[in-house]
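**Student:** would you be able to build a 3D model of this:
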Amino acid sequence: MKPISIAALALLLAQGLAAQDTTHAAAPAAAPAAPAASVSVVEAVVARSVVDRVPQDTGTAFPVDVGQVVLWTKVSGATAATAIHHVWFHGDTQVGDVELAVGGSPWRTWSKKTVPADWTGAWHVEVRDAAGTVLKRIDFTVGQ
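**Tutor:** Residues are numbered from 1 along each chain as shown. Purely as a prediction, here's the structure:
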């Protein structure tokens, strides 16, 4: 057997160490993200007011002197970081967009809209998710 010089031994050991995998094992791939919560409208009504989180005097037709109306909405499937919008229309003209925070599921929320006496005719409100998708449309009239 031939004697191995110290330099040759060091070279062999260095090559052996270099060939070893000294890196940490790669972390497993993250699981795919869960799909975003799908918010749905369980109930939505136009009313004159809300008392103790309950809509009062609901309807689809209101007198010219109604003054204001409320869209009361109950949603499900939302998380604490969800928002919905009540987008108000007089005829085809958008006259309001109210962002409402949703704190869980199910959740009740509402927005108010002042109705000037000369804004009679067809109205509607769209309940939209944060991406702008219309979840529900409620039609009503004022003064007819």
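**Student:** CA atoms for contacts and neighbours, from now on please.
**Tutor:** Noted.
**Student:** what pairs with Thr114 across the strands?
**Tutor:** Gln68 (DSSP bridges).
**Student:** hmm, it is touching Val64, no?
**Tutor:** No: applying CA atoms under 8 Å as the test, Thr114 and Val64 come out as separate, 11.8 Å apart.
**Student:** so those two - more neighbours on which side?
**Tutor:** With neighbours defined as other CA atoms under 10 Å, Thr114 and Val64 compare such that Val64 has more, 17 against 12.
**Student:** which residues touch the closest residue to that one other than its chain neighbours?
**Tutor:** Nearest non-adjacent residue to Val64, counting by CA to CA, 6 or more residues apart in numbering: Gly143, 4.0 Å away. Going by CA atoms under 8 Å, 6 or more residues apart in numbering, Gly143 touches Ala61, Phe62, Pro63, Val64, Asp65, Thr120, Gly121.
**Student:** just the buried members of those?
**Tutor:** Applying 16 or more other CA atoms under 10 Å to the contacts of Gly143, the neighbour count classes Ala61, Phe62, Val64, Thr120 as buried.
**Student:** identify each buried residue in the helix or strand harbouring Trp72, please.
**Tutor:** Following DSSP states H and E, one finds Trp72 within strand 68-76. Under the neighbour-count criterion of 16+ other CA under 10 Å, strand 68-76 has Val69, Val70, Leu71, Trp72, Thr73, Lys74, Val75, Ser76 buried.
**Student:** who are the packing partners of it?
**Tutor:** strand 40-51, strand 107-114 (3 or more CA pairs under 8 Å, 6 or more residues apart in numbering; DSSP states H and E).
**Student:** redo these as JSON lines? Include distance to Asp139 and mean pLDDT.
**Tutor:** Formatted as JSON lines, the helices and strands packed on strand 68-76 follow (distance: least, CA to CA, whole Å; pLDDT from 0 to 100):
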{"stretch": "strand 40-51", "distance to Asp139": "9", "mean pLDDT": "96"}
{"stretch": "strand 107-114", "distance to Asp139": "14", "mean pLDDT": "96"}
